[in-house]
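Asks: Dropping a prediction and its sequence here:
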Amino acid sequence: IRQPAIIVTGDQDGVVWPSIHSHGLKRDLRAARLVELPGAGHMLHHAHAARIAALILSLVTTVPAKQDAEPEPDRQGIDISAD
């Protein structure tokens, strides 16, 4: 996967261990940026909502918009573009 991404983890997360999960994901997603929040545990989007929102916005500004983008076909053969 070459799409840019942000991986956010708390260095004190005891549920999804940064050393296994976040660092492993960063290894596999080469275009990703890994952000470790010091002293933070699990459920970062609750305890650090403003920081998470800022990181998401920073990611959005790095992804170029598609020019003349066509809707991607649904992989299961169902047209999801019609309302």
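Replies: Structure's in. What do you need?
Asks: Quick one: neighbours of I56, just the number.
Replies: 12 (other CB atoms under 10 Å). All C-beta atoms are positioned from the backbone trio N, CA, C, and that covers glycine.
Asks: same thing with the one 5 residues further on?
Replies: Neighbours of T61 under the rule other CB under 10 Å: 7.
Asks: try S58
Replies: Neighbour tally, S58, other CB under 10 Å: 12.
Asks: Any figure for the gap between it and A5?
Replies: Going from S58 to A5 by CB to CB, to the nearest Å gives 12 Å.
Asks: same question, A65
Replies: 17 Å.
Asks: if you count what's nearby, which of those two comes out ahead?
Replies: Set A65 next to A5 and count neighbours by other CB under 10 Å: A5 wins out with 16 against 6.
Asks: Provide a list of residues in contact with the closest residue to the more buried one other than its chain neighbours.
Replies: With CB to CB, 6 or more residues apart in numbering as the criterion, A5 has its nearest non-adjacent residue at 4.1 Å, and that residue is A32. Each residue near A32 by CB atoms under 8 Å, 6 or more residues apart in numbering is listed here: P4, A5, I6, I7, L25, K26.
Asks: can you list the residues that contact the longest helix along the chain?
Replies: The single longest helix within the chain, with elements called by DSSP state H, is helix 49-60. The contact list for helix 49-60, computed with CB under 8 Å, 6+ apart, reads P4, A5, I6, V8, R33, V35, L37, L44, H45.
Asks: how about that helix as CSV, C-alpha atoms only?
Replies: Only the C-alpha atoms of helix 49-60 are listed here, as CSV (Å, rounded to 0.1, in the frame of the first residue of the first chain):
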residue,chain,number,x,y,z
ALA,A,49,-9.2,14.6,20.2
ALA,A,50,-7.8,18.0,19.0
ARG,A,51,-4.4,16.5,18.3
ILE,A,52,-5.9,13.6,16.4
ALA,A,53,-8.1,16.0,14.3
ALA,A,54,-5.0,18.1,13.6
LEU,A,55,-3.1,15.1,12.4
ILE,A,56,-5.9,14.0,10.2
LEU,A,57,-6.1,17.4,8.6
SER,A,58,-2.3,17.4,8.1
LEU,A,59,-2.7,14.1,6.2
VAL,A,60,-5.5,15.5,4.0
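Asks: Noted, bye for now.
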